[in-house]
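Provided below are the primary sequence and the corresponding predicted coordinates.
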2 protein chains.
Amino acid sequence: MTSTGVLRSTALHTDRYELTMLDAALRDGTAGRRCVFELFARRLPGARRFGVVAGTGRLMSLIRDFRFGEDELRYLRDEKVVDASTVSYLEDYRFGGSIIGYREGEAYFPGSPVLTVEGTFAEAVILETLALSVLNHDCAVATAAARMSIAAGDRPLAEMGSRRAGEESAVAAARAAYIAGFGATSNLEAGRRWGVPTMGTAAHSWTLLHDTEEDAFRAQIAALGPSTTLLVDTYDIRRGVELAVQVAGPELGGVRIDSGDLPTVAAEVRAQLDELGATRTRITVTSDLDEYAIAALAASPVDAYGVGTSVVTGSGSPTAGMVYKLVARQDAAGSWVGVAKASADKASRGGRKAAFRTLEHGTATSELVTVSDGFEDVATAAEHPDARALQTSFVTGGDIDAAAEGPEGVAAARSHHARVREELPVRALALSRSDPALETVFVDVA
Amino acid sequence: MTSTGVLRSTALHTDRYELTMLDAALRDGTAGRRCVFELFARRLPGARRFGVVAGTGRLMSLIRDFRFGEDELRYLRDEKVVDASTVSYLEDYRFGGSIIGYREGEAYFPGSPVLTVEGTFAEAVILETLALSVLNHDCAVATAAARMSIAAGDRPLAEMGSRRAGEESAVAAARAAYIAGFGATSNLEAGRRWGVPTMGTAAHSWTLLHDTEEDAFRAQIAALGPSTTLLVDTYDIRRGVELAVQVAGPELGGVRIDSGDLPTVAAEVRAQLDELGATRTRITVTSDLDEYAIAALAASPVDAYGVGTSVVTGSGSPTAGMVYKLVARQDAAGSWVGVAKASADKASRGGRKAAFRTLEHGTATSELVTVSDGFEDVATAAEHPDARALQTSFVTGGDIDAAAEGPEGVAAARSHHARVREELPVRALALSRSDPALETVFVDVA
């Protein structure tokens, strides 16, 4: 059995209307017009103070596999989604345009041009669903995870929410949380595929499998040594802690508590451990934590946190709400035109964008976005004294830069996020709902 | 390029602690103890009145691929997740036990034994994460989707939220929504893989690609005919509608509105269409709908709904919160013992369960669950006059029943859901938050 752990073709992760538009555009000759599509958020998920970009490296791998094979083409033909000439076009499809965007781990704000896709209408329009699926999910998780990581401070933080997310989203969530500051995951596939450190020792079923709690603890220590973490709340926590130290000795590595009122229970368990001489035994808590519960435990004798549901579901905001909009295109004569819809509550801002974070004494002061209708150099704002350019190149003329992909890309993103967070103003780090910590300033260039 | 659209090995969609427990159990001889694990919800997501089961057929396909190939074993060895003898065990792993559970499309309530996995501890414990990932996601979507389908009544309802969910969860969400009453999806992969009907015509980028809205409408009609649906809100809705009818003629199939205050706009557009003689042109609305917004449009002249974010994110409850608990096992002497943890706020109920829906005059009156500590026949409640047995067999001695898989399984689940909904008491169909519509009654059998 070969096992790649990745999908072979990602090409049907596409909304039908993209192929319908392609079909019509191939007929009327607009398919070849060069276009700029921009992926951005109108607002931050959950009235947070900053967003965190994640998913771009993962998206690059998926774009690599965005090819229409025989199975995909047969489905499109059989279902009459497109006509024969469109099938021919798709047979040879391979994205040949360019993609620039924010690095993974970067902070973003409303209107930040997180990803910009340039190519013909045909090649760029059909990436819409895939790009949004990946970034909307991964940014939502990373944005929530960063807040939990801020709340946890120096205490280790592990993601263990795989069971509360679709099986593939779980892997992506583990990856996104790690980029945004978590230290480990329970998810083995995330370890294999993305190099995220994995952790975990035992569940309640381990204790219940045995005739006595003592049998369970002894067997776990025999297999994993006394430095393991024992789950002590299956029956009675006080009795569980006593037994754990009795069986493992005072060198017991840790105890895990997965129920009860955590501030109270953690204090009691710490006192008991100390009384028993297990002064270096660590306490891990894992029960329904989110950023607020973590913050509330700051003064409690807790050594590590495990977070499940809340991080994989974006702590109340399971999607980042990003959109993929056509912002510039060539007209029939080949001139560039900035375009935008004017819909009542969903107007967008046309034009090609370049993005910079302005800084003063190393602290970010604004998100500066320069806008141009056409080919003009939108990077002129780099003249700003002390502005950091936010966009990097991911795909050039169809060539995907492998640096963003795989475990190396994830490690680089995690480091980048740590640096970016240092740069944010203090007000960005508060947990309460508020306006974005930086204002996005749009500047038209001539 | 071969393209299967499915993962080759699903075996690492597993939390590390499951393999750690396996490792320890193989050492202390408990790995071979026969166990019953139960997957159930302590409460319904979002204080809803009933839950809808989805994902089980999908899970069966994933369990088929739950095999440890060379890549998986190498990772586990290199990372020292398990020792050499556990690697040998996993090399030959194939689930050889039995699985029974609720049919897809079935309603469930707190404590309903949605899935019961029986086998050795070793073979059953390692399915925990995968089973929960699939069912927690798919049930959350199906439960929300059923409410939207109730709110929509006879009007067609399409799922178009792929862009707001991880790319694989999007496919699963389209499948779950279809089972729970949606009529179509925008997601082509869900069409190919699960036989869900697909739909969609054009986005705002289609209009913006063209020099004028008229060019865009003409090109779409040339490709798709006048029965197509034109998106009329890119610039000005009134002008868009006028142009649409002018270009397509009064036989225009439909217009789509994706912004604005929908009750007001729908009424205005209907009046305008009628004035223009396009009395049979349908109005589709697609802007940020959820079950409440759909219900609020019941009296508006809307012909069809498209729902995105809210359905794929479970309308506020993105996970069903189900757990996978050991409820019975053999002891050292081979006798069965019901087991349960006693943790403060998360106690569970030990014992093997059988489940029935009691009915009076065709209307459901309770969820009856019989409980036994051991091998006793828990199905005696079938003696209840007019009780419907809720569990069916999915896997017998390792053989997966193919009937639940693929497009046929999805079609059967959709029909089953429609029948189940007919049977629910009227109070189950209200949208407001409440207690579950049926009480779950546990009965111990001797």
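Alright, I've got the coordinates.

could you look up the SS state of A:Asp288?
coil (DSSP: H, G, I helix; E, B strand; the rest coil).

name the nearest residue to it, sequence neighbours excluded.
A:Thr309 (7.1 Å; Cβ to Cβ, 6 or more residues apart in numbering or on different chains). C-betas here are computed from N, CA, C, even on glycine.

strands of the stretch 51-200 of chain A, residue ranges please.
A:51-52, A:98-102, A:107-108, A:115-120, A:157-159, A:184-185 (DSSP state E, counting those that start in this stretch).

kindly report the same for the stretch 301-446 of chain A.
A:304-307, A:322-330, A:336-338, A:352-360, A:363-372, A:387-389, A:391-396, A:399-400, A:440-444.

quick one: the fifth one to strand A:440-444, angle?
By that I understand strand A:363-372. 30 degrees (axes from the mean of the first three to the mean of the last three Cα atoms, to 10 degrees).

mind listing what's buried along strand A:363-372?
A:Ala364, A:Thr365, A:Ser366, A:Glu367, A:Leu368, A:Val369, A:Thr370, A:Val371, A:Ser372 (16 or more other Cβ atoms under 10 Å in any protein chain shown).

buried deepest among the strands of the stretch 51-200 of chain A, which one?
strand A:51-52 (a mean of 30; mean count of other Cβ atoms under 10 Å in any protein chain shown).

before we move on, back to that, okay, the residue nearest to A:Asp288: pLDDT?
Note on A:Thr309: pLDDT of 98.

before we move on, back to that, can you list the strands of the stretch 301-446 of chain A in a markdown table and add distance to A:Thr56?
As requested, the strands of the stretch 301-446 of chain A are exported to a markdown table (distance: least, Cβ to Cβ, whole Å):
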| stretch | distance to A:Thr56 |
| --- | --- |
| strand A:304-307 | 23 |
| strand A:322-330 | 12 |
| strand A:336-338 | 24 |
| strand A:352-360 | 14 |
| strand A:363-372 | 18 |
| strand A:387-389 | 16 |
| strand A:391-396 | 7 |
| strand A:399-400 | 11 |
| strand A:440-444 | 20 |
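
among those strands, which comes closest to B:Arg164?
strand A:322-330 (9.0 Å; Cβ to Cβ).

and the next element down the chain from the helix or strand containing A:Ala223?
Secondary structure assignment for A:Ala223, by DSSP states H and E: helix A:213-224. Counting by DSSP H and E, the next helix or strand C-terminal to helix A:213-224 is strand A:229-231.

can that next one be found next to chain B?
No. If you take Cβ under 8 Å from any Cβ of the partner chain as the test, strand A:229-231 misses chain B, and the best it gets is 9.1 Å.

what packs against that strand?
helix A:204-209, helix A:213-224, helix A:237-248, strand A:254-257 (3 or more Cβ pairs under 8 Å, 6 or more residues apart in numbering or on different chains; DSSP states H and E).

contact partners for A:Lys325?
For A:Lys325, the contacting residues are A:Phe37, A:Glu38, A:Leu39, A:Phe40, A:Ala340, A:Lys341, A:Ser348, B:His204, B:Ser205, by Cβ atoms under 8 Å, 6 or more residues apart in numbering or on different chains.

okay, the fifth one: pLDDT?
Just to be clear, that refers to A:Ala340. pLDDT at A:Ala340 comes out at 89.

grab the nearest non-local neighbour of it.
Closest to A:Ala340 by Cβ to Cβ, 6+ apart is A:Gly350, at 3.6 Å.

ok, A:Thr319 - contacts?
A:Pro45, A:Asn136, A:His137, A:Ala140, B:Arg164, B:Ala165, B:Thr309, B:Val312, B:Thr313.

what's the closest non-adjacent residue to the one residue sitting closest to the centre of chain A?
Chain A has A:Asp138 as the residue nearest its centroid, 2.8 Å off, counting by Cα atoms, centre = their mean. Spatially, and ignoring its direct neighbours in sequence, A:Asp138 is nearest to A:Gly55 (3.0 Å; Cβ to Cβ, 6+ apart).

and that neighbour, how many neighbours?
31 (other Cβ atoms under 10 Å in any protein chain shown).

that one against A:Ser169, yeah?
No. Taking contacts as Cβ atoms under 8 Å, A:Gly55 lies outside contact range of A:Ser169: 11.0 Å.

joint contacts of those two?
A:His137.

tell me the domain ranges of chain A?
With domains defined by automatic domain parsing, chain A comprises A:16-142+A:317-444, A:201-287.

where does the prediction get shaky in chain A?
A:1-7, A:344-345, A:374-385, A:446 (pLDDT under 70).

please repeat the previous calculation with a cut-off of 80.
A:1-7, A:342-348, A:373-385, A:446 (pLDDT under 80).

on that earlier part again, nearest to chain B, of the strands of the stretch 51-200 of chain A?
Chain B lies closest to strand A:184-185 among the strands of the stretch 51-200 of chain A, at 8.4 Å (Cβ to the nearest Cβ).

starting at the chain centroid, how far to the helix ranked longest in chain A?
Counting by DSSP state H, the longest helix found in chain A is helix A:128-152. In terms of Cα atoms, centre = their mean, to the nearest Å, the centre of helix A:128-152 is set 3 Å apart from its chain centre.

looking at this, A:Cys35 is in a strand?
Yes. Under three-state DSSP, A:Cys35 falls within a strand.

run through the residues that contact it.
Here A:Cys35 is in contact with A:Glu118, A:Gly119, A:Thr120, A:Phe121, A:Ala124, A:Val125, A:Leu326, A:Ala328, A:Arg329, A:Gln330, B:Ser205, B:Leu209 (criterion: Cβ under 8 Å, 6+ apart).

neighbours around the last one, how many?
It stands for B:Leu209. Residues near B:Leu209, counting by other Cβ under 10 Å: 26.

surely it meets A:Ala122?
No. The criterion here is Cβ under 8 Å, and B:Leu209 misses it with A:Ala122 at 10.3 Å.

overlap of the contact sets of those two?
Joint contacts of B:Leu209 and A:Ala122 (Cβ under 8 Å, 6+ apart) are A:Ala25.

how close does the residue nearest to A:Ala340 sit to B:Phe217?
20 Å (Cβ to Cβ, to the nearest Å).

residues making contact with stretch A:149-156?
Under Cβ under 8 Å, 6+ apart, the answer for stretch A:149-156 is A:157, A:180-184, A:291-292, A:294-295, A:298, A:302-305, A:421, A:429, A:431.

what residues are up against A:Ala347?
Counting by Cβ under 8 Å, 6+ apart, A:Ala347 has contacts A:Ala340, A:Lys341.

and the gap between it and B:Gly260?
Taking Cβ to Cβ, one finds A:Ala347 at 12 Å from B:Gly260.

am I right that A:Phe40 sits in a helix?
No. Using three-state DSSP, the secondary structure at A:Phe40 is strand, not a helix.

pretty sure it contacts A:Phe109?
No. If you go by Cβ under 8 Å, A:Phe40 and A:Phe109 don't touch, sitting 9.7 Å apart.

so what sits against both of those two?
With Cβ under 8 Å, 6+ apart, A:Phe40 and A:Phe109 have no common neighbours.

my read: A:Val53 touches A:Pro113, true?
No. Taking contacts as Cβ under 8 Å, A:Val53 lies outside contact range of A:Pro113: 11.1 Å.

looking at the two, which is more packed in?
The residue with more neighbours, out of A:Val53 and A:Pro113, is A:Val53; 31 against 24, by other Cβ under 10 Å.

check contacts around the more buried one.
Per Cβ under 8 Å, 6+ apart, neighbours of A:Val53: A:Gly101, A:Tyr102, A:Arg103, A:Glu104, A:Gly105, A:Glu106, A:Ala107, A:Tyr108, A:Val114, A:Leu135, A:Cys139, A:Ala142.
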